[in-house]
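S.K.: just need the structure, nothing else, for what follows:
(2 chains)
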Amino acid sequence: MFSNGVSRELTWLITTLWGLLFFGWITGLWVESLLVYLLLYVVRQLWSMHKFEKWMDKGTQASFPPASGYWSELTYLVSRKQRALEKHADLQLYKSEQFKAASMLIPDAIVSLDQQNHIEWFNASSRKILELRRQDVGRKIEGLIRQPEFIQYLKDAQYQNVLTIHSLQGIQRTFSVKIIPYFDSHKLLIVKDITDLYNLAQIRRDFIANASHELRTPLTVLKGYLEAMIDTPGSHQDVWLPALQTMEKQSDRMKAIIDDLLTLSKMESETIASNDELVNVPKILAGLEREAEQLSQGKHQFVFSVEQDLCMTGYVEPLKSVFMNLVSNAVRYTPDGGLIKVTWYHDEEGAHYKVEDNGIGISKDHIPRLTERFYRVDAARSRETGGTGLGLAIVKHILERHGASLHVDSLIGKGSTFRCDFPIDRVRIQ
Amino acid sequence: MERTEFKSHISEQLNRNLEDLFNQVLEMGGLVERQLENAVTAVENSDVSLAKEVLQIDKVINKEEMEIDRLCARVLARQQPTASDLRLIIIAIRIAVDLERMGDEVVKTAKLVIKMADSDVVCSELPGYGALLEITSCANTMLKKVLNAFARLELSEVVSVVEDEERMDNSLKAAMVDVLAGFNAHEIAPEYLLEMVYALRASERVTDHAANIAESIVYLVDGRDVRNMDTEKLSELLSSIE
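M.R.: Presented below is the predicted three-dimensional model:
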């Protein structure tokens, strides 16, 4: 019926009222005793208040709380609440300690920076990789990691990119440096030693480049003799001509694959010899139209719609091979009589090169893997049409070089759309 | 100089200017570090393109020096700082000059690589090659130490810089004896040997400048001028500070 505090207070009141009644009955001074009683009650309340306040203020050890009536209940509630809070805080502390211990053990260097790039905390690996010390907390990171590339990265604030540095604090290893903004404009700096990975990728690239280069020479010799053998007249030709012609066809195919591999490894290696220049895309596409018609031998219908004043900056030869690869794919995978539409246009996002066909189409699960090397949707068909399996891989790499991306939409039986999106800063209107 | 952050002034502008100046000096130092790293690798691998990069970086360093001078002049003209702030400005100018000179000296080492690339003599066959590598990479670590000392405003590594500098003096002397023997042997054309002499002298000068910067930092942190003090007295002084 009553809450604990109220019932305790009532118990106290009733007990003392009995005392008052007894006193009054003995002395007969009813009014005076009642007044004294009321006065005593008020004094008790004030005294308890004072003690409670003192107890709250000083903490549990310093002084004792009031121990009777409503106030004792209040004390009990407060101290219970406090114990719960302390337990919670202990648990939180334990959890955060655990988290801290885990982050200390991560092998990558992790440094937390505040808005002005002051160091807030760092993990144990940072001591080794970045040579930070405990006293460095609160110092600016630029003062301690002075690599010009890093400072530039920090200034540019393009944190979606990853910075690769080949030496850090005098250590000649390859590191990937990434900054992740978090928690109210704070930053997390993550430095990872990727030397082994980097070397592995380098070895793989070098191997492909060297192997294809070495294969090209013997192949040229073979091709030369094959041509000579085909051109030699004589009775043996009746038996051998078909075989020789197949050999020549296959060696042409092999040469195409090797050339593509070389192009690919050139794209992958970091230096492109020429600089960015202005590419007159409409002119390239005009030439492409003629080539495409030759390739299709009149079996397909072409529609080219090109914005004549739209040019872009980039690398001419690689771009030509992007445009050609996509068109020749369309020719190969569109049945005779099909329609191929090539569009070059721009909008506020950038310039777009689009090749649409109404050919056989590609099923959805193949689309993400199309740009892998030697990936083929239908191996038999692709070989028959003379593909090397590297065309789209080359396209992907060249587009990456231009900061562009490839989008593929396709419906089986309806045809496919390949679209290259070039960023707006490469667009030049003439 | 107790504080490490520039928040102690009522004037926001002065805080900001001093911090800019501090960072600018370290940024310039980072460039010289990169230059030295490149120079060491270029000498080791006879890498001409890396050596040419050293020449490119030198131009940026020269611009940085002007920028630091401009920042210093701005603070002096507008805020008239005193005590440790004034010392910071004085040594910023001094460090900038030293760093710029260091950049120029590294270029001389890089020029050796470029020159040797045209000849049929390999760098590593020249007398004094080992010493050149030793001095250049030691210069690199010295610069790293002094810049860290500047960034952290602490002097624990400064003594070792001064000691390194004396050690490199001796290395240079020994290398010069080798090169002189090379002149007398007449096996390698004197023009290449001469280039080697320039490179050796230049690398040694780099270590001198690093030691100068170390002395400037002692002045900044402690307010005492320790130039022209011999090593024993200096290390005594430095250990008394810590």
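
S.K.: pull the number of nearby residues for residue A:263.
M.R.: The number of residues packed near residue A:263 is 19, by other CB atoms under 10 Å in any protein chain shown. Placement of C-beta: from N, CA and C, glycine included.

S.K.: so it sits against residue A:321, correct?
M.R.: Yes: counting by CB atoms under 8 Å, residue A:263 does reach residue A:321; the two are 7.1 Å apart.

S.K.: common neighbours of the two, please.
M.R.: residue A:394 (CB atoms under 8 Å, 6 or more residues apart in numbering or on different chains).

S.K.: for the residue nearest the centre of chain B, which non-adjacent residue is closest in space?
M.R.: Residue closest to the average C-alpha location in chain B (CA atoms, centre = their mean): residue B:210, at 4.1 Å. The shortest distance from residue B:210 to any non-neighbouring residue, by CB to CB, 6 or more residues apart in numbering or on different chains, is to residue B:142 (4.0 Å).

S.K.: with residue B:90 instead?
M.R.: Leaving aside its chain neighbours, residue B:90 sits nearest to residue B:219 (7.9 Å; criterion: CB to CB, 6+ apart).

S.K.: what helix or strand does the one you found sit in?
M.R.: Element membership of residue B:219 [criterion: DSSP states H and E] is helix B:190-222.

S.K.: and the closest residue to chain A within chain B, how many neighbours?
M.R.: Taking CB to the nearest CB, chain A has its nearest neighbour within chain B at residue B:30, 2.9 Å off. Residue B:30 has 22 neighbours, counted by other CB under 10 Å.

S.K.: so which bits of the host helix or strand of it are buried?
M.R.: Per DSSP H and E, residue B:30 falls inside helix B:12-45. Neighbour-count burial for helix B:12-45 flags B:14-15, B:17-18, B:20-44 (criterion: 16 or more other CB atoms under 10 Å in any protein chain shown).

S.K.: these two touch, right, the residue nearest to the centre of chain B and residue B:161?
M.R.: Yes: under the criterion of CB under 8 Å, residue B:210 makes contact with residue B:161 at 6.2 Å.

S.K.: so is the residue nearest the centre of chain A in a helix, a strand, or just coil?
M.R.: Of all residues in chain A, the one closest to the mean position by CA atoms, centre = their mean is residue A:160, 7.3 Å from it. Going by DSSP: H, G, I helix; E, B strand; the rest coil, the secondary structure assigned to residue A:160 is coil.

S.K.: if we can go back for a sec, how many other residues sit next to the nearest residue to the residue of chain B closest to chain A once chain neighbours are set aside?
M.R.: Using CB to CB, 6+ apart and skipping the chain neighbours, the partner closest in space to residue B:30 is residue A:146 (2.9 Å). Using other CB under 10 Å, residue A:146 has 25 neighbouring residues.

S.K.: residues in contact with residue A:146?
M.R.: B:26, B:27, B:29, B:30, B:33, B:147.

S.K.: next, it: phi, psi?
M.R.: Residue A:146 adopts backbone torsions of phi -100, psi 10, taken as degrees, to the nearest 10.

S.K.: which residues of chain A fall in helices?
M.R.: For chain A, helices defined by DSSP state H occupy the ranges A:4-27, A:30-58, A:69-105, A:124-129, A:141-144, A:148-156, A:195-231, A:237-268, A:281-296, A:316-333, A:379-384, A:391-401.

S.K.: which stretch among the ones you listed comes nearest chain B?
M.R.: The closest approach between chain B and any of the helices of chain A, judged by CB to the nearest CB, belongs to helix A:141-144 at 3.4 Å.

S.K.: how about that closest one, does it reach chain B?
M.R.: Yes: against chain B, helix A:141-144 shows contacts by CB under 8 Å from any CB of the partner chain at A:142, A:143, A:144.

S.K.: contacting residues around that helix?
M.R.: With contacts defined as CB under 8 Å, 6+ apart, helix A:141-144 is touched by A:111, A:113, A:117-119, A:130-132, A:136, A:151, A:154, A:189, B:22-23, B:26-27, B:148, B:150-152.

S.K.: all set, thanks.
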